[in-house]
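>>> just the structure for this:
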Amino acid sequence: MNVNEVFGELFGRIPPLVRGAVAGLDPAALATAPEPGANTVGWLVWHLTRVQDAHLAEILDDEQIWRSGGFADRFDLPSDPGYTGYGHTPDEVAEVQPTAELLIEYYDAVHARTEEFLADLVPDDLDRIVDKRWNPPVTLGVRLVSVADDSLQHAGQAAYVRGVLQRR
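I've put the predicted structure just below:
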């Protein structure tokens with residue numbers, strides 16, 4: 001297996017988890033927190049998608065799909081590229097009120113861009129510095145692992161919240 005196949009396999013595990021977390025949920029269920037102040041299924045999937053979109057856009061030195069694809073307007077949320085959910089208060093979490101279809105459409109667009117990027121990845125790419133704001137600076141390899149890890153964790157959290165809500 002080469003490096004692009006390994007990362008393709010890693011990121012390829014996320015879409016079924018995202019779809020499974022939101023499948024069949026109406027907007028009210030997607031926006032229901034399992035307890036006050038907790039994250040919702042909709043917010044978790046939106047957030048993992050926003051993070052992947054933001055990081056890939058930065059790596060590619062391109063605009064985020066959030067803006068270029070018109071998703072900020074469709075979600076009726078700020079188009080600010082930094083608006084990814086980090087540090088959101090419970091009130092801000094509650095503002096994310098998507099449909100399952102919109103979440104999947106946005107996720108699929110971001111995932112397609114990620115797959116396209118990963119298809120041409122070669123081992124030497126992984127050592128390229130992509131973020132000098134940290135010490136040590138972040139390499140592409142570390143950033144990709146971080147994004148995949150974050151996405152997998154949030155997809156699992158969304159599945160858990162879904163299960164809690166369905167038991168009520």
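
>>> what residues are up against Q97?
Q97 makes contacts with 27, 30-31, 42, 76, as judged by C-beta atoms under 8 Å, 6 or more residues apart in numbering. The way it works is simple: take the backbone N, C-alpha and C, and place the C-beta from them, glycine included.

>>> quick one: low-confidence parts of the chain?
Regions of the chain meeting the criterion pLDDT under 70 are absent.

>>> the closest residue to A148 other than its chain neighbours - how many residues pack around it?
Leaving out its chain neighbours, the residue that sits closest to A148 by C-beta to C-beta, 6 or more residues apart in numbering is L10, at 4.9 Å. Neighbour count of L10, defined by other C-beta atoms under 10 Å: 17.

>>> so which of the contacts of Q97 wins on neighbours?
Most surrounded of those: other C-beta under 10 Å gives G42, at 29 neighbours.

>>> re the thing from before, my guess is the residue nearest to A148 contacts V147. True?
No. Using C-beta atoms under 8 Å, L10 is not in contact with V147; the gap is 9.7 Å.

>>> hang on, the earlier thing: so is the residue nearest to A148 in a helix, a strand, or just coil?
Look at L10: counting by DSSP: H, G, I helix; E, B strand; the rest coil, its state is helix.

>>> so who does it touch?
Per C-beta under 8 Å, 6+ apart, neighbours of L10: 144-145, 148.

>>> and the gap between it and D53?
Using C-beta to C-beta, to the nearest Å, L10 is found at 17 Å from D53.

>>> just the buried members of the contacts of L10?
For the contacts of L10, a neighbour count by 16 or more other C-beta atoms under 10 Å gives the buried set as 144, 148.
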